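**Student:** Provide a 3D model corresponding to the input given below.
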Amino acid sequence: MSQASGNGDSDDQTNAGLPRRHVLRTVGAGALGLGLGGVALTAVTVPRGGAPQPQATSIPTPEGFGSVGQAPYLPAGFAKTFTSRFVQANGIRQHVVVGGEGPPLLLIHGWPETWYAWRLVMPELAEHFTVVAVDQRGIGLTEKPTSGYDTRTLARDMVALMDALGHQRFAVVGHDTGMPIA
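**Tutor:** Residues are numbered from 1 along each chain as shown. Below you'll find the model as predicted:
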């Protein structure tokens with residue numbers, strides 16, 4: 001999982017291409033008591049200036065199928081707590097659903113899913129965290145570029161996203177294909 005940089009300094013070990021000093025800890029299955037098999041929880045610190053800065057362009061609010069406003073079978077009161085947003089980060093327009101109060105928690109779905117896979121646990125998590133559920137690159141309402149689907153780029157998408165949202169430290173939960181990204 002980690003590899004030494006060669007200088008003997010453990011702070012320079014890497015995980016998914018990010019310096020270890022920015023990846024604080026990983027917990028195995030059942031993280032956060034969600035009862036989900038194959039879930040990884042990681043706390044991350046984003047280096048200042050290490051991730052691309054958000055572009056100052058105006059991005060419309062997501063509408064239509066895939067947004068909070070058009071998603072079927074949401075828990076009662078979901079749309080009062082959560083909103084869909086587009087965020088320009090790592091060179092692509094990413095769709096996120098954000099809500100709640102507390103320390104930031106990034107939820108990364110598996111395959112073939114979107115943020116919607118987390119809808120039933122999001123209200124409970126929002127009581128303790130600022131929940132950020134993302135559509136990965138190429139899925140849902142997030143842009144679909146022709147390249148960049150390797151784990152390292154997908155992880156950098158997440159770090160850039162959280163940096164653009166102003167979160168320098170955050171926890172991450174990944175399910176299925178979201179685990180290696182987390």
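**Student:** what ranges do the strands span in this structure?
**Tutor:** Counting by DSSP state E, residue ranges of the strands within the chain are 14-15, 18-19, 23-27, 39-45, 82-89, 92-100, 104-108, 130-134, 169-175.
**Student:** weakest of those in terms of mean pLDDT?
**Tutor:** Ranked on mean pLDDT, the bottom entry among these is strand 23-27, at a mean of 35.
**Student:** how about the closest residue to residue 144 other than its chain neighbours, phi and psi?
**Tutor:** The shortest distance from residue 144 to any residue other than its chain neighbours is 4.6 Å, reached at residue 138 (CB to CB, 6 or more residues apart in numbering). To be clear about C-beta, it is placed using only N, CA and C from the backbone, and glycine gets the same treatment. Dihedral angles phi and psi of residue 138 (degrees, to the nearest 10) take the values phi 80, psi 0.
**Student:** measure residue 138 to residue 147 for me?
**Tutor:** Residue 138 sits 10 Å away from residue 147, taking CB to CB, to the nearest Å as the criterion.
**Student:** who has more neighbours out of these two?
**Tutor:** In this view residue 138 and residue 147 are compared by other CB atoms under 10 Å, and residue 138 has more residues nearby, 15 against 8.
**Student:** that one against residue 149, yeah?
**Tutor:** Yes: counting by CB atoms under 8 Å, residue 138 touches residue 149, with 6.3 Å between them.
**Student:** residue 80: neighbour count?
**Tutor:** Around residue 80 sit 9 other residues, with neighbours defined as other CB under 10 Å.
**Student:** then residue 102?
**Tutor:** 12.
**Student:** how close does it get to residue 182?
**Tutor:** The span separating residue 102 from residue 182 equals 19 Å under the rule CB to CB.
**Student:** okay, and the beta partners of the nearest residue to residue 62 once chain neighbours are set aside?
**Tutor:** Distance criterion CB to CB, 6+ apart; nearest residue to residue 62, sequence neighbours excluded, is residue 84 at 4.1 Å. With DSSP bridges applied, residue 84 shows beta-bridge pairing to residue 97.
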